[in-house]
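In: would you be able to build a 3D model of this:
(4 chains)
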Protein chains: 2
Amino acid sequence: MKGYLWTGGDPGSQSTVAPPDNGRLAPYEAIAVEAVGNVIEFWGFKRNQGRVWGLLYLRGEPLTAGEIERELDLSKGGVSMLLRDLERWGVIQRVRVPQDTVWRYAAETDLVRMVTHVVEEREAAFVTRIRADLSEARRLAELAGGVSPERLRKLERMATLAEHVERALRLFIKTSRLDVAGVLGAFRDGALGRKGDR
Amino acid sequence: MKGYLWTGGDPGSQSTVAPPDNGRLAPYEAIAVEAVGNVIEFWGFKRNQGRVWGLLYLRGEPLTAGEIERELDLSKGGVSMLLRDLERWGVIQRVRVPQDTVWRYAAETDLVRMVTHVVEEREAAFVTRIRADLSEARRLAELAGGVSPERLRKLERMATLAEHVERALRLFIKTSRLDVAGVLGAFRDGALGRKGDR
DNA sequence: GGTGCAGTTCACGCGGTCTTGAACTATATG
DNA sequence: CATATAGTTCAAGACCGCGTGAACTGCACC
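Out: Okay, the predicted model is just below:
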């Protein structure tokens, strides 16, 4: 995938609103961006991945890597890698302003996709593996002989425990998806926000 | 809290079963213990906390710190701290064999208590904080003026997003508890079915 | 071709976490 | 009281992940 054209507005109009300050965030922006950074770190990602996404989401309009670099005070290389991760996870989009040469990046609206996606991935590669290990242990124990039936039962219990945690995890992912989908829907209905969707 | 008396059997009878090998785990034990270590690490704890609990659970009978130290190849000091953590979380118990002077440690059966407990704790101290930050950001933004209504809406959305993730998390904890308690049917008609309420 | 800028890659260093090992306290025993 | 053993605490070190900054590629424009 190579990115899409951005048709949201001409480059010139941005400067009237966005960068009177190029380099320092407004206080409220800093807080919000930091909050997203914390959430994302909480879920086992890199803090700066969250900060980048938060900035892009808040700004609404696509930013260049250089702008992100300045606003969040990150290194060139770092921004490059962060953007690549975020893009791979599908939570930002790489866009091209018509007659401009630089790439810009825009936030996809559901950050939850990132969380659920990678949580799913972790879960698949991991909890499944745990279950396999535990049943392997049980097999070995039976094979070796001399293991008390009580211990065999314990091994089995651990395996089913893992299985159930796995199941609960799946449920969590599913419901949190529904939940978020529901939230976004509720927004459009005007429950909280005003009218005038973008 | 200081521990409880252990009345599961006299000290002499243990040696006939438990420590023919003092130092190296049986292969199946190693696998199982390691599996628990992985799970626990996955949930954001220390790997060795999981290994200790796994060993205690599998063995069924209380072990001394020294035995744990040998079986899992850990340092004296490390075992001490690990045991203290596990005890504080209520997933192991400190017990005393009648006329013996050393402490022994026994696994509490629900490891899930540890997971849910600390997940709850994290969640309470954290996601709540995030929400506060986000509404603070929104307040500042309104106060500063000149912030587009669109951005205010975005801030609001982020806050409710956090709120809903929080809710989903609580649901997860609750169901995983129910699940482990053996009430498997509980979430069949409960969580998934209700999609009309948002 | 050469200059400049956008973007990528990667070895290194910083910062944080976990573990160790030694010093220390507590407690039982002769 | 002296000694030994169980248990705790903590500074030092091992370890690991992340971000940096420099070297590199690619591309556009002169």
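In: so the residue of chain A found nearest DNA strand D, which state does it fall into?
Out: Closest contact between chain A and DNA strand D, by CB to the nearest atom of the strand, is at A:G77 (2.2 Å). To be clear about C-beta, it is placed using only N, CA and C from the backbone, and glycine gets the same treatment. Under DSSP: H, G, I helix; E, B strand; the rest coil, A:G77 falls in the helix class.
In: how much space between it and A:R84?
Out: 11 Å (CB to CB, to the nearest Å).
In: comparing these two, which residue is more hemmed in?
Out: A:R84 (12 against 9; other CB atoms under 10 Å in any protein chain shown).
In: near DNA strand C, which residues of chain A? Just list them.
Out: Contact residues (CB under 7 Å from any atom of the strand) of chain A with DNA strand C: A:64-66, A:76-77, A:80-81, A:83-84, A:101-103.
In: return the item of the residues you listed having minimum pLDDT.
Out: Checked by pLDDT, those have A:T101 as the lowest-scoring entry (84).
In: what is the mean pLDDT for stretch A:42-59?
Out: For stretch A:42-59, the mean confidence score works out to 92.
In: is chain B contacted by that stretch?
Out: Yes - on the criterion CB under 8 Å from any CB of the partner chain, stretch A:42-59 is in touch with chain B at A:42, A:44, A:54, A:57-58.
In: tell me which two in these are the farthest apart.
Out: Farthest-apart pair in the residues of stretch A:42-59 next to chain B is A:G44 and A:L58; separation 22.7 Å (CB to CB).
In: neighbour-wise, which of those two wins?
Out: Of the pair A:G44 and A:L58, A:L58 is the one with more neighbours under other CB under 10 Å, namely 21 against 12.
In: contacts only, for the more buried one.
Out: A:29, A:32-33, B:151, B:154-155 (CB atoms under 8 Å, 6 or more residues apart in numbering or on different chains).
In: list the buried residues in the helix or strand containing it.
Out: Assessed by DSSP states H and E, A:L58 sits inside helix A:47-59. Residues of helix A:47-59 classed as buried: A:48-59 (neighbour count, 16 or more other CB atoms under 10 Å in any protein chain shown).
In: can I get it in CSV? Just the C-alpha atoms.
Out: The C-alpha coordinates for helix A:47-59 follow below in CSV (Å, rounded to 0.1, in the frame of the first residue of the first chain):
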residue,chain,number,x,y,z
ARG,A,47,4.5,5.7,24.5
ASN,A,48,5.6,7.7,21.5
GLN,A,49,3.4,5.7,19.2
GLY,A,50,0.5,6.9,21.2
ARG,A,51,1.8,10.5,21.2
VAL,A,52,2.1,10.5,17.5
TRP,A,53,-1.3,9.1,16.9
GLY,A,54,-2.8,11.5,19.5
LEU,A,55,-1.2,14.5,17.8
LEU,A,56,-2.4,13.4,14.3
TYR,A,57,-5.9,12.7,15.6
LEU,A,58,-6.2,16.0,17.4
ARG,A,59,-4.9,18.1,14.6
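In: roughly how far is the helix or strand in which A:R131 is found from the heart of the chain?
Out: Using DSSP H and E, A:R131 sits in helix A:112-144. Offset of helix A:112-144 from its chain centre (CA atoms, centre = their mean, to the nearest Å): 22 Å.
In: equivalent analysis for stretch A:71-79, please.
Out: Worked out by CA atoms, centre = their mean, stretch A:71-79 lies 19 Å from the chain centre.
In: mind checking the end-to-end distance for it?
Out: 11 Å (CA to CA, to the nearest Å).
In: which segments of chain A make up each domain?
Out: Here the domain parsing of chain A from automatic domain parsing is A:4-107, A:112-188.
In: lowest-confidence stretch among the ones you listed?
Out: domain A:112-188 (a mean of 77).
In: quick one: check that domain for contact with DNA strand D.
Out: No - using CB under 7 Å from any atom of the strand, we find that domain A:112-188 stays clear of DNA strand D, coming within 12.0 Å at best.
In: and the gap between the nearest residue to A:D85 once chain neighbours are set aside and DNA strand C?
Out: Sequence neighbours aside, A:Q49 is the residue nearest to A:D85 in space, at 6.0 Å (criterion: CB to CB, 6 or more residues apart in numbering or on different chains). A:Q49 is 14 Å from DNA strand C, where distance means CB to the nearest atom of the strand, to the nearest Å.
In: coming back round to it: nearest to B:R24, out of the domains of chain A?
Out: domain A:112-188 (13.9 Å).
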